[in-house]
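In: Here's a sequence, model it:
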Amino acid sequence: MKKVLIPAAALMLALTGCAAKGDQAPNTAASASAPTQASQPQRESITVDSAKAVAYACGPQGKEKINVQYGIKGNDIVVAIVNFRNQNSPLLKRDTTDAQHTTFTGEGIMWSANKATPATITQVNAGGLAQMGQDGKPQVLANACKIDKKATAALAKAATQPAAATK
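Out: Residues are numbered from 1 along each chain as shown. Sure thing, here's the model as predicted:
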């Protein structure tokens with residue numbers, strides 16, 4: 001069985017670096033000083049056995065496209081990364097307190113799919129994506145998400161293709 005190690009802190013740092021605005025280098029003056037315990041990001045590793053990618057069409061006309069990469073360990077879906085409007089979410093962890101849905105949360109973001117298992121995740125629709133607003137209330141970014149079977153099949157096919165060799 002293939003194991004995949006997802007270092008959450010490294011993934012978040014990489015995504016943060018991609019989000020820098022303009023051509024300016026990020027301000028690294030603070031990082032030049034001796035690191036303190038408070039400035040060290042917590043490093044958490046999550047091991048998954050496999051991953052499944054699912055494409056959704058959200059909203060009344062299905063025009064909001066969302067791709068979700070689910071991390072699976074054993075018979076549990078344990079993490080998700082949501083790609084919405086060409087931006088990846090941070091690593092979202094499974095919220096097991098929601099027994100009615102397959103919900104993932106992290107850094108003020110929540111993704112909720114209908115109740116699913118690794119065997120059924122490519123077949124169930126999703127409630128949607130929300131982010132905590134500055135007022136402390138959730139703002140719905142996308143809802144009424146339905147499986148896009150054609151796009152999901154394309155994601156699965158792309159995942160099985162060997163990477164192209166480059167020189």
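
In: Going by C-alpha atoms from here, please, whenever you check contacts or count neighbours.
Out: OK.

In: got the contact list for the closest residue in space to residue 113 that isn't next to it in sequence?
Out: Spatial nearest neighbour of residue 113, chain neighbours left out: residue 126 (3.7 Å); criterion: Cα to Cα, 6 or more residues apart in numbering. The contact partners of residue 126, by Cα atoms under 8 Å, 6 or more residues apart in numbering, come to 56, 112, 113, 114, 143, 144, 145, 146, 147.

In: how many other residues sit next to the third one?
Out: Other residues near residue 113 number 20, with proximity taken as other Cα atoms under 10 Å.

In: And it, what's its pLDDT?
Out: Looking at residue 113, its pLDDT stands at 96.

In: Parallel or antiparallel, which strands does the helix or strand where it lies pair with?
Out: Under the criterion of DSSP states H and E, residue 113 resides in strand 109-114. As defined by DSSP bridges, the strand partners of strand 109-114 come to strand 101-106 (antiparallel), strand 126-132 (antiparallel).

In: can you put those in JSON lines and add distance to residue 153 and mean pLDDT?
Out: Shown next, in JSON lines, are these (distance: least, Cα to Cα, whole Å; pLDDT from 0 to 100):
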{"stretch": "strand 101-106", "distance to residue 153": "21", "mean pLDDT": "96"}
{"stretch": "strand 126-132", "distance to residue 153": "17", "mean pLDDT": "95"}
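
In: Quick one, which of those gets closest to residue 74.
Out: Taking Cα to Cα, strand 101-106 is the member of these nearest to residue 74, at 15.7 Å.

In: Figure out how far that closest one is from the centre of its chain.
Out: The chain centre lies 10 Å from the centre of strand 101-106; the measure is Cα atoms, centre = their mean, to the nearest Å.

In: again with stretch 146-155
Out: Distance, centroid of stretch 146-155 to centroid of chain: 17 Å (Cα atoms, centre = their mean).

In: Then stretch 52-67?
Out: 14 Å.

In: List the buried residues in it.
Out: 52-59, 62, 64-67 (16 or more other Cα atoms under 10 Å).

In: try stretch 74-82
Out: Buried residues in stretch 74-82, defined by neighbour count with 16+ other Cα under 10 Å: 77, 78, 79, 80, 81, 82.

In: Which parts of this protein are strands?
Out: If DSSP state E is used as the criterion, the strands of the chain fall at 4-7, 45-48, 50-58, 64-73, 76-84, 87-88, 92-95, 101-106, 109-114, 126-132, 138-147.

In: Out of those strands, which is closest to residue 161?
Out: Closest among the strands of the chain, once you apply Cα to Cα, is strand 50-58, at 13.9 Å.
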